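*Asks:* This is a predicted model, with the sequence first.
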Amino acid sequence: MKKFLINFICTALFALTATFSYAQEKDIRIIERNGKFHLMINGVDTYINGVGGTNSLEHAAAHGANAFRTWGGNPERSRRDLERAKELNMYLMQGIGLPKDSMRYKDEEFKARTRESVRELAEALKDHPNMLVWGIGNEIELDGSNIPLMWEFVNELALLIKSIDRNSLVSTVIAHNARALDLIADYAPALDIVGINSYGSIPRVEEMVERSKYKGAYMITEWGPTGWWETTRTDWRAPLEQTSEEKRIVYEDRYNNYIKNPPRCLGSFVFLWGQKQERTPTWFSMFVENNVPGLPINGEKTPMVEAMERVWTGVEPRQTAPVVHGFTINNTKPIDNIIVRAGETFEGKVDATDREGDTMTYVWEILMEATITATGGAFEPRPDRVGEVFTTNVNTLRTSIREPGNYRLFVYVLDGTGFVSTANAPFQVQ
């Protein structure tokens, strides 16, 4: 009996310790002084320089980032993310996935399951010192789903989280959408802050917020290059992607002019501190792919990482990426609708330099134009490769394609220092 009691007490103490292992003093609040909002963390005025994703967080932290964002996760994975945040002295914006289909918010069974999963996650992460803000849903107002019923449920989930985790902020994340802001003001008053994802339209975010019914603080929870839905297209509707150097300039300009200055903006999460396929493998990727069969690139940093090192620290990086000045096929720019003949040799050419004078290597790949696509960041498969991957020590490639269709030529310019610059050109074979 005595042994049983000892075991029982030990078990109870372990359970109690596990339940309250994160419990410690934490004070996170948003205050307003003379029209400017401030994020106070344990009494310290804190501006969020965050990254979207969990890739290479040690590099982000070493160069001025203090937070990272996820779009969901189960309790086990989210606990690991929080422990990683603690190791790196960073904060976490924990995502909670919700559907963009308005009909789901009329489904009581779905809502009951969601409440239970949110409750479980909140219980698992509450009181952790590196837990900053919950993000309930990501752009759920897309696809015509911007209705009051949806925001009422977001508000319900916000109240549920606050009843469990009293020391973290609660937000939702929307696209650049003025009506969503108004509906949030009317139907989700429990939210502490709103996240806004904005790309080419980021110069208009501050005005949109000021003109809306919403009167609180906001963060730019995704931002980066001009999106595929915003850019110029070829005659066959292929979107034109900026070169990595054009993106670097855009990242620095958008941070300096539209993120760090507005009085109601408390920070941002740059997108994407990692790699994903969305129309192309490089569009939003601040690091390139890794472990793609036959493609000799290994997750190198792009000039957009260099840009963030520069704006976060205010110091010029010691090592920079190659600079792509232009990319053509048969001396024709992508904006001029590149067309080649089936079976005829054509020439891709990239104009690139390296500030440090490093030797450059060029990797060339042709992909089919993406036909299986998605919206709102949903999964897309990598398009099929056409022909071989070529690696050259010169800035030109001569090749041909026999089958008519829509293609895209990619070039990766490596300098051997962990950086890579990219460009691509859509073209049509007739």
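*Replies:* In hand now; what should we look at?
*Asks:* Kindly list the single helix or strand of this protein that scores lowest on mean pLDDT.
*Replies:* Lowest on mean pLDDT, DSSP states H and E among the helices and strands of the chain sits helix 2-19, with a mean of 41.
*Asks:* tell me what the following helix or strand past that helix is packed against?
*Replies:* Downstream of helix 2-19, the next assigned helix or strand under DSSP states H and E is strand 28-33. For strand 28-33, the packing partners by 3 or more CB pairs under 8 Å, 6 or more residues apart in numbering; DSSP states H and E come out as strand 36-41. All C-beta atoms are positioned from the backbone trio N, CA, C, and that covers glycine.
*Asks:* Next secondary structure after the strand it packs on?
*Replies:* Following strand 36-41 toward the C-terminus (DSSP H and E): strand 44-45.
*Asks:* Number of residues surrounding Ala185?
*Replies:* Using other CB atoms under 10 Å, Ala185 has 17 neighbouring residues.
*Asks:* To clarify, my last question referred to Glu83.
*Replies:* 12.
*Asks:* And Asp27, by the same measure?
*Replies:* Applying other CB under 10 Å, we find 10 residues neighbouring Asp27.
*Asks:* Phi, psi for it please.
*Replies:* Reported as degrees, to the nearest 10, the phi and psi values for Asp27 are phi -130, psi 110.
*Asks:* Which parts of the stretch 51-200 of the chain are helices?
*Replies:* Chain-ordered helices for the stretch 51-200 of the chain, with DSSP state H, counting those that start in this stretch as the definition, fall at 57-62, 75-88, 108-125, 148-164, 178-187.
*Asks:* Tell me which residue lies nearest the centroid of the protein.
*Replies:* Phe271 (3.0 Å; CA atoms, centre = their mean).
*Asks:* which residues sit in contact with that residue?
*Replies:* By CB atoms under 8 Å, 6 or more residues apart in numbering, the residues touching Phe271 are Gly52, Gly53, Asn197, Glu222, Trp223, Gly224, Phe284.
*Asks:* try 7 Å
*Replies:* Phe271 sits next to Gly52, Glu222, Trp223, Gly224, Phe284 when contact means CB atoms under 7 Å, 6 or more residues apart in numbering.
*Asks:* any idea how far Phe327 is from it?
*Replies:* 23 Å (CB to CB, to the nearest Å).
*Asks:* and what of Arg33?
*Replies:* According to CB to CB, Arg33 stands 48 Å off from Phe327.
*Asks:* Compare these two (neighbour count), which wins?
*Replies:* Under the criterion of other CB under 10 Å, the comparison of Arg33 against Phe327 puts Phe327 first, with 22 against 9.
*Asks:* where's Ser268, which helix or strand?
*Replies:* In this assignment (DSSP H and E), Ser268 forms part of strand 265-270.
*Asks:* The next helix or strand after that strand packs against which elements?
*Replies:* Counting by DSSP H and E, the next helix or strand C-terminal to strand 265-270 is helix 303-313. Packing partners of helix 303-313 (3 or more CB pairs under 7 Å, 6 or more residues apart in numbering; DSSP states H and E): helix 244-258.
*Asks:* quick one, the helix it packs on and helix 303-313 angle?
*Replies:* Counting by axes from the mean of the first three to the mean of the last three CA atoms, to 10 degrees, helix 244-258 lies at 30 degrees to helix 303-313.
*Asks:* Can you give the distance from helix 244-258 to the centre of its chain?
*Replies:* What separates the centre of helix 244-258 from the centre of its chain is 15 Å, taken as CA atoms, centre = their mean, to the nearest Å.
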